[in-house]
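1. pasting the sequence and the predicted model now:
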Amino acid sequence: MDRQIQIEQITQQLEKGVHDVFASDSYQNYLSSMARFHTYSVNNSLLIWMQRPDATLVAGYQAWKSQFNRSVRKGEKAIKIIAPIRRKKMYDIVIDNELVEDEGPKIIGWRTVSVFDIRQTFGDELPFYMHDLLPGMVNDYDRFAQAIALACPVPITYECISSGAHGFYRPLDNDIVISNSLSQVQTIKTMLHETAHALLHHQDADDSSDSRYQREVQAESVAYAVCSYYGIDTHEYSFPYIAGWSSSKEMEELKASLQIIQETVDHLITAIDRIRTPVPYTVKESQNLSDFQ
C-alpha cells in the first residue's frame, strides 16, 4: 500500500477514535470530574508552568481532599498562584437618587494561594486521567529506538524522572529526557511524542492554555500515527490522552492540526526508514509490566 494513503487512513482512524472517546460514557464521567477544577487564567497557567513544568491537573489542598478523595503527600512543595479577594457582602447603593441593589461580590484585591499537581497526591483515581502505562515489547527495539533518536533534531537521554512524567522536551536546554523505567512500547511512544514537540514546537513561545492544548494534541497524534504505521497499537492510551487535552474544544484542535500531523508523520517515517532496514514491528502483550522495566 502507498505510504501516503496509509498515513491518511491512520489519520482518519485517529479522528474517529477520538470522536468515539468523546461519545463514550467513560469520557462523560471524565468531563464531570474535570468540571470541578477551577479554570485558571493565562497568568496562573504560566506561574504553574514556571514552578512545575510537568503539572497537568492542579487543585488546592482541601479541594483534593473534599472533592476528589485524594491527599497531598507529606513534604510536597506547593505551587503558588494568584487568586482574587472578593467582597462577599451585598450592598445597596444609590444611583441617580434611587436605591438599587449592588451587582454582587467584587474583586477588591489579590492574594497568593497554594495548589498541588495530581502527581503530588494519592488516593482515588480520576476517570481517564492517570493513563495506564502501555505494556509490551517491540521487535528489534534497540534499532528502532536508535532510529528515532537519530531522526530527532535534539539529543535524547534516559533518566529517572521523580515527578512521574514519562518524558519531556526542554526547548531552552534543547534536549529530550525519557524515563528509564518504561516498557519498550511506552518508551517508543513517548520518544515519538517528545520528538514531535521538538520538530513542531521549538519556536513556540506562546504558553497559553489554547496553545498548550494544541501542542499536546499534535504531539500525541503524531506518536499514535507513527506507532500505528509500524504495527504498534497505542489507541487505548492515545485516544483518551488526545480527547483529554481537547475536551474544552471538542474536535477543534485535532481537525485544525490534521495537515500538520500528516506532514510530520510522513517526515518521521521517511527519516526512520532511511536509518534502519525495514523490519515488521509488533507488540507482544505482557501480563506484568515490571517484566519490561
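-> Yep, that arrived.
2. going forward, measure contacts and count neighbours with C-alpha atoms only.
-> Noted.
3. and the strands in the stretch 1-150 of the chain?
-> In the stretch 1-150 of the chain, the segments counted as strands under DSSP state E, counting those that start in this stretch are 58-59, 70-72, 79-86, 92-95, 98-101, 107-117, 121-123, 137-138.
4. buried residues in the third one?
-> Looking back up the chat, that one is strand 79-86. Across strand 79-86, burial judged by 16 or more other CA atoms under 10 Å covers Ile79, Lys80, Ile81, Ala83.
5. and those, which is closest to Met137?
-> For the buried residues of strand 79-86, the closest approach to Met137 (CA to CA) belongs to Ile79, at 37.1 Å.
6. low-confidence stretches in the stretch 101-250 of the chain?
-> 101-106, 125-132, 163, 205-210, 244-250 (pLDDT under 70).
7. now with 50, please.
-> Applying pLDDT under 50 to the stretch 101-250 of the chain flags the ranges 128-130.
8. for burial, what's the neighbour tally of Arg73?
-> As a burial measure, Arg73 scores 12 neighbours (other CA atoms under 10 Å).
9. of the buried residues of strand 79-86, which is the nearest to Leu150?
-> Ile79 (36.4 Å).
10. so what's that closest one bridging to?
-> Assessed by DSSP bridges, Ile79 has beta-bridge partners Val115.
11. wait, it sits on Ile48?
-> Yes. The pair Ile79 / Ile48 is scored as a contact, 6.4 Å apart, by CA atoms under 8 Å.
12. let's have the strands of the stretch 1-150 of the chain in a markdown table, adding distance to Ala196.
-> As requested, these are exported to a markdown table (distance: least, CA to CA, whole Å):
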| stretch | distance to Ala196 |
| --- | --- |
| strand 58-59 | 26 |
| strand 70-72 | 33 |
| strand 79-86 | 28 |
| strand 92-95 | 57 |
| strand 98-101 | 55 |
| strand 107-117 | 25 |
| strand 121-123 | 29 |
| strand 137-138 | 20 |
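13. need the winner for burial among those.
-> Of all those, strand 137-138 has the most neighbours on average by mean count of other CA atoms under 10 Å, namely a mean of 22.
14. quick one, domains of this protein?
-> Here the domain assignment for the chain is 3-36+126-292, 58-123, based on automatic domain parsing.
15. tell me how far the residue nearest to Glu220 when sequence neighbours are not counted lies from Trp110.
-> Excluding the flanking residues, the one nearest Glu220 by CA to CA, 6 or more residues apart in numbering is His193, at 5.4 Å. Using CA to CA, to the nearest Å, we find His193 at a distance of 38 Å from Trp110.
16. now do Lys80 against Val58, distance only.
-> Distance of Lys80 to Val58, computed by CA to CA: 11 Å.
17. joint contacts of these two?
-> Residues within reach of Lys80 and of Val58 at once, by CA atoms under 8 Å, 6 or more residues apart in numbering, are Val115.
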